[in-house]
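K.L.:
coords below, sequence missing:
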């Protein structure tokens, strides 16, 4: 059943070691991708460039501007001297927020009537706009409460206080949320490509025909291709996780052995998927085209970028057949939440079943006869 | 089946094919081919490109399923028992199909492993085939850096490592230099002497002459099969009442055109500096006279036996006429 397995492993290992440049790239590229995308996928909005059009200029108005700056979300990059100037700066894209303080700001504060501060927000960047809107409202609310309590007098405590606490990621750092997901997606992509070419390359070189007249068994050939690339996959996984821990300071909260075990299952499934692609394509170009069928859903439908819960049913189910979906759940569970095995085995089992089905299909699809 | 009765020790059948047929869609690549090849034969399989040679070899190796008919290799059916067939044969395909980025030694180790040779026996077995093909000094060389002739020798060594009784070589000498070609054939004779049967496809006539038996496939059909001697004596090749002559004269290209106008000349073909003429018996003298009258004085003729090329050209033309392809 496994006839020729060791010989194929021997040969594939030789191929990999014979070409150190490719091996080096196999290890370097995922780390490079994690570094680049790890910094890029930052959803934390800080230091929104802001322009101030202060028609009042007295101390209370300056204090209000400070209140904005002190949140950390706004950085004053300039002052405007007209409505058109403020508007123009936003249109030009130099700033995303404009704060206009009316000339009677201090006066109305003193008299106790409502004073109106205009905040213009550039809506073309929805993430920044939302952040600016929420922060502006919070500042207005906070400042109003302060003034009111002074007017009413004797109020030192709020009658009601909500105390939200964000579990597992207290600083709401997107790095903590995104990086483990990114690790999953990157590994999905690079590891599937390792084996997607493994058999199709031999078809192109004509060496497969020679192999077909030997008594090598189908499973021996398929597993013989899978095992050496499995080792490459393990090295890639370790290097990427190491980078996550050191460069992005994402701590692994959970059990490292669980992480290792589930990663191995994921590697098996993903390498098998690559082999399956390799069995039903005739050349490497076709194999690459097929890979894209898996790659984009891995990014967009796996829950890495967008919550799967809000997807239309069909799209949701496409997301459910991508191995990255389960691996990302497992990674976030172990790395962020220290999830126990009971919470993880379900995803792990689905991954393992997918892997067994895929490798069986690849073995059955691979025939030792020519078409 | 035209096989000269062998006077030597009784030999056993290695390849037997009956009505072997392969269709690709509407196209019949191989049409009812019968073969009977015995141990120790060097069977030369000839035919023009696209005539079905490779398809026959692939079916016999268990790489392609026959659409019809059957074939057995050493008693094993190629279709239903292909794994047993694969264990007993060696195969060298048309193009180089070893791993260029592996060394000579690594390729040999790989094939020794694939054929399941016990680990302990492997070094001895690998040394054995290295000695046979004489590739010892290139052990560490990457296969892709070998010259064409050495690549073929390495391929032969890899195909021999499990001591097959039967070797299929699909155009083994295509694209290698004449010296390497000669060496490779000498090697094949050596191995044939040790009892290995060879099934070799080629389209070189000189290689065909060296085979113990020949089959000629033309437009998917095996049209003739036998020893080179049998084939040259075929009545179809030199019909009764006809004679093959070698004709020497100046300006042979023009002379040949002239010859074709004589009604007693059945065929004329140029071979290097002579013309091979198939003419009706008794006109040997008249040819010289007639040529002289047409401006080609001083021609000489003498009778010759048919060459294999004559055989194949004659048979191909005959078939083409029958099929309406002229």
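P.N.:
Sure, I can see it. This structure is a prediction, so every number in the text was calculated from the model and none was measured.
K.L.:
Every contact and neighbour count from this point should use C-alpha atoms.
P.N.:
Fine.
K.L.:
now stretch A:152-169: how far from the chain's centre is it?
P.N.:
In terms of C-alpha atoms, centre = their mean, to the nearest Å, the centre of stretch A:152-169 is set 33 Å apart from its chain centre.
K.L.:
pLDDT on that stretch, on average?
P.N.:
Regarding stretch A:152-169, the rounded mean pLDDT is 72.
K.L.:
what does stretch A:362-371 give?
P.N.:
The average pLDDT for stretch A:362-371 rounds to 82.
K.L.:
now what about that stretch, what contacts it?
P.N.:
Here stretch A:362-371 makes contact (C-alpha atoms under 8 Å, 6 or more residues apart in numbering or on different chains) with A:209, A:212-213, A:218-219, A:222, A:272, A:275-276, A:279-280, B:62-65.
K.L.:
Quick check: buried residues in that stretch?
P.N.:
A:362, A:363, A:366, A:368, A:369 (16 or more other C-alpha atoms under 10 Å in any protein chain shown).
K.L.:
Which positions in the stretch 51-200 of chain B make contact with chain A?
P.N.:
The stretch 51-200 of chain B comes close to chain A at residues B:61-65, B:83-84, B:86-87, B:90-93, B:95-99, B:101-102, B:106, B:110-111, B:113-116, as judged by C-alpha under 8 Å from any C-alpha of the partner chain.
K.L.:
Can you tell me which of those end up in strands?
P.N.:
Those of these mapping onto strands are B:90, B:91, B:92, per DSSP state E.
K.L.:
Would you format the residues you listed as CSV with neighbour count and pLDDT included?
P.N.:
Formatted as CSV, those follow (neighbours: other C-alpha atoms under 10 Å in any protein chain shown; pLDDT from 0 to 100):
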residue, neighbour count, pLDDT
B:90, 27, 94
B:91, 26, 94
B:92, 25, 92
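K.L.:
Among those, find me the one that's closest to residue B:126.
P.N.:
Nearest to residue B:126 among those: residue B:90, at 15.0 Å, using C-alpha to C-alpha.
K.L.:
give the contact list for the closest one.
P.N.:
Contacts for residue B:90 (C-alpha under 8 Å, 6+ apart) come out as A:213, B:159, B:160, B:164, B:165, B:166, B:167, B:168.
K.L.:
Next, give phi and psi for the first one.
P.N.:
Note on residue A:213: backbone dihedrals following degrees, to the nearest 10 are phi -90, psi 0.
K.L.:
Setting aside sequence neighbours, what's the nearest residue to it?
P.N.:
Spatially, and ignoring its direct neighbours in sequence, residue A:213 is nearest to residue B:86 (5.5 Å; C-alpha to C-alpha, 6 or more residues apart in numbering or on different chains).
K.L.:
Please verify my assumption that the one you found contacts residue B:60.
P.N.:
No: using C-alpha atoms under 8 Å, residue B:86 makes no contact with residue B:60, being 9.8 Å away.
K.L.:
still on that earlier bit, tell me, how many residues neighbour the residue nearest to residue A:213?
P.N.:
Residue B:86: 24 surrounding residues under other C-alpha atoms under 10 Å in any protein chain shown.
K.L.:
Pick out the residue of the stretch 101-250 of chain A closest to chain B.
P.N.:
residue A:207 (4.4 Å; C-alpha to the nearest C-alpha).
K.L.:
can I assume that residue is in contact with residue B:97?
P.N.:
Yes: look at residue A:207 against residue B:97 with C-alpha under 8 Å: they come within range, at 4.4 Å.
K.L.:
Neighbours of residue B:147, how many?
P.N.:
For residue B:147, using other C-alpha under 10 Å, the count is 13.
K.L.:
Since that was my last question, I'll sign off now.
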